[in-house]
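Q: I would like to see how this sequence folds:
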Amino acid sequence: MRKHFIDNLRWMDVFLLIPYHAAQSFNCWGELNYVCFEPNRAVSSFIVFFSPFFMPLLFLLAGISTKYALEKRSYGQYVLERVKRLMVPFVFGTLFFCPILAYIGDINNLGYTGGFFEHYIVFFTKWTDLSGFDGGFGVGQFWFLYFLFIISLVSAGIIAVTKKIVKKQKDIGKIPFWALCLMVIPLPLLYELLVVGGKSFAEYLYIFLIGYFVLSNDIVIEKIKKYRYLSLAVALVAGILNVYMFIWSGIDFGLLNVIAKAFEEWFMILALIGIGKNSLDFDNRLTAYMSQRSFPYFSFHFIWIVLFQCWFEGFLGNNAALLYLLPIIPAFIVTMICSEISLKIPFLCFLMGTKNKSNKIKKV
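A: Numbers count the residues shown, from 1 in each chain. All right, here's what the predicted structure looks like:
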């Protein structure tokens with residue numbers, strides 16, 4: 001039986017990418033972006049609050065989905081499906097979208113004056129941190145796809161070995177909620193392990209495997225649903241503390257800040273899974289429509305928010321509130337239009353890792 005709350009949480013998370021990436025242009029900790037505005041602590045607070053759980057939730061959902069996928073597919077079929085869904089759009093996105101973003105970044109951050117096609121040489125020969133903010137080779141938002149691909153392969157190996165070694169599977173459904181809470185403990189230790197481009201393979205692998213081995217169990221999900229508001233309360237307190245310590249205090253809290261981030265990450269994930277199971281476990285025309293468009297939306301969104309921010313900057317000046325909010329609306333509209341068009345072209349569907357489906361979504 002399909003778990004509709006997983007699909008709904010996934011597309012809702014993905015559709016937050018435009019306001020999230022729009023906010024990065026205002027960060028107050030000195031990180032480059034394709035377009036940079038005056039640092040703004042209020043807008044930066046949005047990033048700091050969402051960043052601990054925003055992407056980890058997608059890895060956890062992928063881990064849960066892998067449990068169901070491997071019940072119907074062999075390991076070979078699973079890997080082939082991962083290549084089609086992750087590596088094909090990763091290569092396409094890196095070669096097609098990322099050079100445009102890097103070109104904009106080079107103009108805004110380093111004053112590049114050459115032409116767009118000339119910049120392709122810069123893109124493929126300048127290697128720094130894989131962000132592309134300085135005009136060099138970058139993977140943009142597509143880091144998520146190659147991270148998930150590698151983690152999927154590693155996890156498939158771990159799962160296969162575990163099944164051979166552990167002949168009698170333990171009843172995960174008996175795990176108490178307090179034990180689920182303790183799964184937060186390793187997170188602060190994982191943040192600095194296997195880091196590529198500022199992101200930890202170790203953290204996301206851990207979250208993915210918890211999704212596969214633990215949160216794919218229906219009884220566990222029911223326990224999480226029961227305590228969803230307790231988890232939400234802990235997450236909100238930790239999130240507020242995380243934002244205060246990192247953005248507003250003016251003091252380096254070090255380990256305390258890291259611990260607050262870890263508690264926000266894990267307990268917000270538990271809260272969202274519980275709330276999703278309780279309130280989002282349904283399917284209708286709207287949810288099917290949005291879910292189908294989440295993959296092309298993921299590919300298109302970053303270019304459009306950056307372009308509209310550059311355009312609006314010309315006549316909004318340093319008005320942070322308008323400069324943040326106004327570009328989001330046209331960026332969302334144009335991204336959805338591009339997603340709609342791409343779904344009608346089978347070849348683009350293949351390149352973006354999605355299926356070519358009829359726009360007629362059946363009502364259930």
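Q: Around the residue nearest to L17 when sequence neighbours are not counted, count how many other residues there are.
A: What sits nearest to L17 in space, not counting adjacent residues and going by C-beta to C-beta, 6 or more residues apart in numbering, is H301, at 5.1 Å. Where you see a C-beta, it was placed from the backbone N, CA and C, and this is true even at glycine. H301 has 26 neighbouring residues, counting by other C-beta atoms under 10 Å.
Q: can you pull the contacts of H301?
A: By C-beta atoms under 8 Å, 6 or more residues apart in numbering, H301 lies in contact with L17, I18, H21, Q141, A331, T335.
Q: Could you identify the most distant pair in those residues?
A: Using C-beta to C-beta, these span at most 13.5 Å, a distance reached by Q141 and A331.
Q: contacting residues around the residue positioned nearest the centre of the chain?
A: Centroid check for the chain by C-alpha atoms, centre = their mean gives M55 as the closest residue, at 3.4 Å. M55 is in contact with F144, K199, Y204, counting by C-beta under 8 Å, 6+ apart.
Q: Show me the helices in the stretch 101-250 of the chain, by range?
A: Assigned by DSSP state H, counting those that start in this stretch, the stretch 101-250 of the chain shows helices spanning 119-125, 143-165, 177-181, 187-190, 201-213, 218-226, 228-243.
Q: winner for burial among these?
A: Mean neighbours per residue, mean count of other C-beta atoms under 10 Å, is largest over the helices of the stretch 101-250 of the chain for helix 201-213, with a mean of 22.
Q: Alpha carbons of stretch 289-298, as PDB, please.
A: C-alpha atoms of stretch 289-298 as PDB (Å, rounded to 0.1, in the frame of the first residue of the first chain):
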ATOM      1  CA  TYR A 289      -0.300  17.100  -9.800                       C
ATOM      2  CA  MET A 290       2.300  18.700  -7.400                       C
ATOM      3  CA  SER A 291       4.200  15.400  -6.800                       C
ATOM      4  CA  GLN A 292       4.500  14.800 -10.500                       C
ATOM      5  CA  ARG A 293       6.100  18.200 -11.000                       C
ATOM      6  CA  SER A 294       8.500  18.200  -8.100                       C
ATOM      7  CA  PHE A 295      11.400  16.700 -10.100                       C
ATOM      8  CA  PRO A 296      11.400  19.200 -13.000                       C
ATOM      9  CA  TYR A 297      10.700  22.000 -10.400                       C
ATOM     10  CA  PHE A 298      13.800  21.000  -8.600                       C
END
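Q: Tell me where the stretch 251-364 of the chain has helices.
A: Using DSSP H, counting those that start in this stretch, helices in the stretch 251-364 of the chain cover 255-279, 285-316, 320-325, 328-343, 346-351.
Q: Which of the ones you listed sits closest to R85?
A: From the helices of the stretch 251-364 of the chain, taking C-beta to C-beta, the stretch that ends up closest is helix 285-316, at 8.2 Å.
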